[in-house]
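Novice: Build me a model from this:
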Amino acid sequence: MRIHALVVSLVLLLSATAARAAEWTPAAWTTQDTLQFRADCPDEGEYWSYVWLVVLDGDVYVRLGSRAAGRVDCSKSKPMTAIKIAGETFDNVEMIPSPAMVERVAAAMAEKYPTDLFISYMSHPYTMKLVPKAQ
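Specialist: Next up is the predicted model:
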């Protein structure tokens with residue numbers, strides 16, 4: 001009887017943990033170096049790109065180089081994507097172009113990532129704000 005109760009308790013605990021929805025918590029991600037976003041281009045299929053991120057004013061921003069921007073442009077689900085960060089996956093995230101934030105995001109990237117000294121000279125067609133949408 002005790003073993004049965006222990007097994008039932010363990011199953012309930014594991015299922016509750018698995019059912020826990022990922023929480024969108026940008027403040028917790030300030031120390032994360034990268035996130036991944038999904039693109040689903042017709043010629044390429046599903047592809048996960050790694051990009052740097054910064055958190056400004058409680059929002060997550062990414063700056064996309066030419067290759068990543070091209071994947072966003074051809075993605076069938078544009079402007080929606082999925083994001084992987086800090087061991088969590090978020091399936092319904094909108095990538096919102098944020099041209100007014102280009103300079104602030106670039107300055108934050110330069111401060112956070114020492115190698116941005118070199119990366120900043122490359123083309124970055126998009127600065128995007130990531131906003132989760134209700135399922």
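Novice: and for the longest strand along the chain, what are the contacting residues?
Specialist: Secondary structure of the chain per DSSP state E: the longest strand is strand 45-56. Strand 45-56 is contacted by residues 26-27, 29-30, 32-41, 60-64, 67-68, 71, 84-85, 101, 104-105, 108-109, 112-113, 116 when judged by Cβ atoms under 8 Å, 6 or more residues apart in numbering. The way it works is simple: take the backbone N, C-alpha and C, and place the C-beta from them, glycine included.
Novice: which ones among those residues are found in helices?
Specialist: Taking DSSP state H, the ones among the contacts of strand 45-56 that sit in helices are 67-68, 71, 104-105, 108-109, 112, 116.
Novice: Return the distance of residue 128 relative to residue 43.
Specialist: Per Cβ to Cβ, to the nearest Å, residue 128 is found 22 Å from residue 43.
Novice: Counting neighbours, go ahead and name the busier of the two.
Specialist: Just comparing residue 128 and residue 43: by other Cβ atoms under 10 Å the higher neighbour count belongs to residue 128, 24 against 5.
Novice: Am I right that the more buried one is in contact with residue 68?
Specialist: No - in this structure residue 128 lies outside contact range of residue 68 using Cβ atoms under 8 Å: 9.6 Å.
Novice: who does the most centrally placed residue in the chain bridge with?
Specialist: The residue lying closest to the centre of the chain (Cα atoms, centre = their mean) is residue 83, at 3.7 Å. Beta bridges link residue 83 to residue 37, residue 90, judged by DSSP bridges.
Novice: got a list of what it touches?
Specialist: Residue 83 makes contact with 35-38, 89-90, 93, 130, according to Cβ under 8 Å, 6+ apart.
Novice: next one: residue 130
Specialist: 37, 59-62, 83, 93-96.
Novice: Quick check: which ranges of the chain have low pLDDT?
Specialist: Under the criterion pLDDT under 70, the flagged ranges of the chain are 1-21, 116-124, 135.
Novice: 80 - rerun?
Specialist: 1-21, 115-125, 134-135 (pLDDT under 80).
Novice: neighbours around the closest residue to residue 134 other than its chain neighbours, how many?
Specialist: Of all residues not flanking residue 134 in the chain, residue 92 sits nearest, at 7.5 Å (Cβ to Cβ, 6 or more residues apart in numbering). Per other Cβ under 10 Å, the neighbour tally for residue 92 reads 14.
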